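Asks: I would like the atomic coordinates for the input below:
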Amino acid sequence: MDRVKSLVAAGCLAFCCMLSACTQLGMTLVEQGWPRAQIVLPDQPEKLEQLAAEELQHFVEKMSGAKLEIRTAEKVDPARVRILLGGAARGVIAAKKLDQALGGRRDDLNCRNGFVIVSGADYVAISGVEPSGTLFGAYELLERLGCRWFWPGEIGQVVPTKPTIKVGTIDTVSVPSFDQRAQWFSADNDLGPDREDWNRRMRLDYDTDPAAGHSQGHGDPRHPDAAEIRADKIRAVLEKHPNRKWFSLSWGDTSMNVSPEEGYGIRHPWQRNHYQAVDFSLDLYNRVAELLEKEHPDLRFGFYVYNNYFYVPVEHTMHRSLVPVVAALGSCARHVAGTGTCWHRDTVFELMKRWCRMSDNVFVYDYEPGFVNLSQGVPMPGVTRFREEMPMMADMGVRGILQQSIMSLMQQGPNLLYQGQADVGRPRRRGRPAG
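Replies: Have a look, this model is predicted:
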């Protein structure tokens with residue numbers, strides 16, 4: 001009996017060692033141009049799960065010449081490695097890991113783009129909190145295999161030639177650093193569908209949009225019924241579009257004229273001919289939100305922290321439905337915040353910190369040096385500023401960023417948007433640890 005136990009133990013040990021060695025060597029997806037794996041979808045895949053499968057199939061074939069078959073769970077070939085996607089991966093990915101991929105802030109602003117990738121003896125499983133996360137996880141796997149998308153279209157793709165493709169051990173939970181990850185630059189209209197494909201591959205997210213565009217609908221803010229007038233206009237829109245959830249309360253693209261008394265005697269940090277108008281505007285925004293709260297408790301109202309309403313309020317707090325978007329137009333874009341060399345940039349970040357202490361819903365509209373402020377010149381690459389400042393924004397709790405950018409940031413910017421701490425000198429893996 002003891003000998004039998006010893007043989008069983010030795011056999012188990014040998015199997016474990018073999019399994020460990022196979023894991024270290026990696027599973028073979030393609031061998032000398034021949035497919036050794038299959039892509040597995042749930043029986044009724046979501047649209048983005050199907051797209052994830054097609055993107056994996058396309059780029060693996062482009063790398064190796066081998067076309068991996070896409071199958072449903074009930075038609076799996078047991079002799080081949082399985083790349084399980086979305087619902088098909090839920091059986092091997094622990095619910096706890098998917099819960100971690102949701103991140104820490106579980107409100108309506110959460111983009112739900114996180115994902116999990118785990119590997120086993122004969123499978124790689126990829127699943128997102130939502131189907132968008134599954135798609136982003138597929139791109140993460142392709143990046144691990146060497147694919148890059150530096151620019152929209154074929155010209156910006158880097159796809160290595162690999163007749164044999166292996167995947168090593170993977171166990172990762174990825175949560176975006178920012179819920180909104182958006183980028184706009186001057187050539188957008190010329191790129192067409194290539195730009196949409198590139199947005200997805202770079203894990204950008206345009207769904208979480210604070211809708212804080214300049215509004216011209218306030219009328220006279222000093223009118224005794226100014227809040228009621230604005231609320232009635234929103235009600236009229238909701239009658240035609242009852243599912244709409246976002247409205248802008250921003251002032252127009254101008255400074256707001258306030259008296260020294262209304263501005264508490266505080267002048268704008270660099271527009272010294274204007275007093276701060278934040279308290280004055282917040283009073284109006286709060287009243288609009290309060291008028292609509294009972295009828296429409298789920299509405300959100302974005303507003304720009306901009307021009308002379310850039311300062312932090314002295315007396316007023318914010319209604320819970322208000323979403324400030326810090327847009328430091330006119331501030332210095334030559335220097336990096338936190339170095340002590342530029343009071344402009346340091347002031348912007350100090351005010352940004354104060355807004356984040358007031359609200360968990362702060363977004364940023366970031367202007368790239370040399371794009372808007374052409375007169376300042378471009379003494380350093382934009383990526384230098386972004387790679388220093390984005391980790392600071394993530395740490396202070398900024399929820400999302402729209403980069404008004406120049407083309408040199410097209411690949412580096414999204415790396416930093418998905419993971420604020422990314423090493424953009426070596427852009428390989430993105431996403432921050434959950435928790």
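
Asks: quick one: the strands in the stretch 51-200 of the chain?
Replies: Using DSSP state E, counting those that start in this stretch, the strands of the stretch 51-200 of the chain run over 69-72, 81-85, 115-119, 123-128, 148-149, 157-158, 165-167, 171-174, 180-185.

Asks: want to throw these into JSON lines with mean neighbour count, distance to Glu388 and mean pLDDT?
Replies: Bear in mind the C-beta positions are built from the backbone N, C-alpha and C, glycine included. JSON lines is the format used below for the strands of the stretch 51-200 of the chain (neighbours: other Cβ atoms under 10 Å; distance: least, Cβ to Cβ, whole Å; pLDDT from 0 to 100):
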{"stretch": "strand 69-72", "mean neighbour count": "16", "distance to Glu388": "43", "mean pLDDT": "96"}
{"stretch": "strand 81-85", "mean neighbour count": "26", "distance to Glu388": "37", "mean pLDDT": "98"}
{"stretch": "strand 115-119", "mean neighbour count": "25", "distance to Glu388": "27", "mean pLDDT": "97"}
{"stretch": "strand 123-128", "mean neighbour count": "25", "distance to Glu388": "30", "mean pLDDT": "97"}
{"stretch": "strand 148-149", "mean neighbour count": "19", "distance to Glu388": "23", "mean pLDDT": "92"}
{"stretch": "strand 157-158", "mean neighbour count": "14", "distance to Glu388": "26", "mean pLDDT": "93"}
{"stretch": "strand 165-167", "mean neighbour count": "19", "distance to Glu388": "34", "mean pLDDT": "96"}
{"stretch": "strand 171-174", "mean neighbour count": "19", "distance to Glu388": "23", "mean pLDDT": "96"}
{"stretch": "strand 180-185", "mean neighbour count": "21", "distance to Glu388": "18", "mean pLDDT": "83"}
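
Asks: Now the ones you listed in CSV, please, with extra columns for distance to Ile39.
Replies: Below are those laid out as CSV (distance: least, Cβ to Cβ, whole Å):
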stretch, distance to Ile39
strand 69-72, 5
strand 81-85, 5
strand 115-119, 14
strand 123-128, 10
strand 148-149, 20
strand 157-158, 20
strand 165-167, 13
strand 171-174, 19
strand 180-185, 26
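
Asks: Which parts of the chain are helices?
Replies: Remark: helices assigned in the chain by DSSP state H are 2-25, 47-64, 95-101, 131-144, 193-201, 226-240, 278-293, 343-358, 382-396, 412-418.

Asks: of all those helices, which lies closest to Thr161?
Replies: Set against Thr161 and scored by Cβ to Cβ, the helices of the chain come closest in helix 47-64, at 6.6 Å.

Asks: What is the closest one packed up against?
Replies: Helices and strands touching helix 47-64, by 3 or more Cβ pairs under 8 Å, 6 or more residues apart in numbering; DSSP states H and E, are strand 27-31, strand 37-41, strand 69-72, strand 81-85, helix 131-144, strand 165-167.

Asks: Of all those, which one is nearest Asp232?
Replies: Evaluated over those, closeness to Asp232 peaks at helix 131-144, with 36.3 Å, by Cβ to Cβ.

Asks: one step back: mind checking which of the strands of the stretch 51-200 of the chain is nearest Leu416?
Replies: Of all these, strand 180-185 sits nearest to Leu416, with 9.2 Å by Cβ to Cβ.

Asks: okay, that closest one in CSV with CA atoms only?
Replies: Extracted C-alpha coordinates of strand 180-185, given in CSV (Å, rounded to 0.1, in the frame of the first residue of the first chain):
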residue,chain,number,x,y,z
GLN,A,180,-13.6,59.1,-19.7
ARG,A,181,-10.6,58.7,-22.0
ALA,A,182,-11.1,60.9,-25.1
GLN,A,183,-8.8,62.6,-27.6
TRP,A,184,-9.5,65.2,-30.2
PHE,A,185,-7.1,66.7,-32.7
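
Asks: how's this protein carved up into domains?
Replies: Per automatic domain parsing, the domain ranges recorded for the chain read 2-175, 226-418.

Asks: Mind putting those into CSV with distance to Pro193?
Replies: Converted to CSV, the domains of the chain look like this (distance: least, Cβ to Cβ, whole Å):
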stretch, distance to Pro193
domain 2-175, 9
domain 226-418, 16
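
Asks: Nice, that's everything, thank you.
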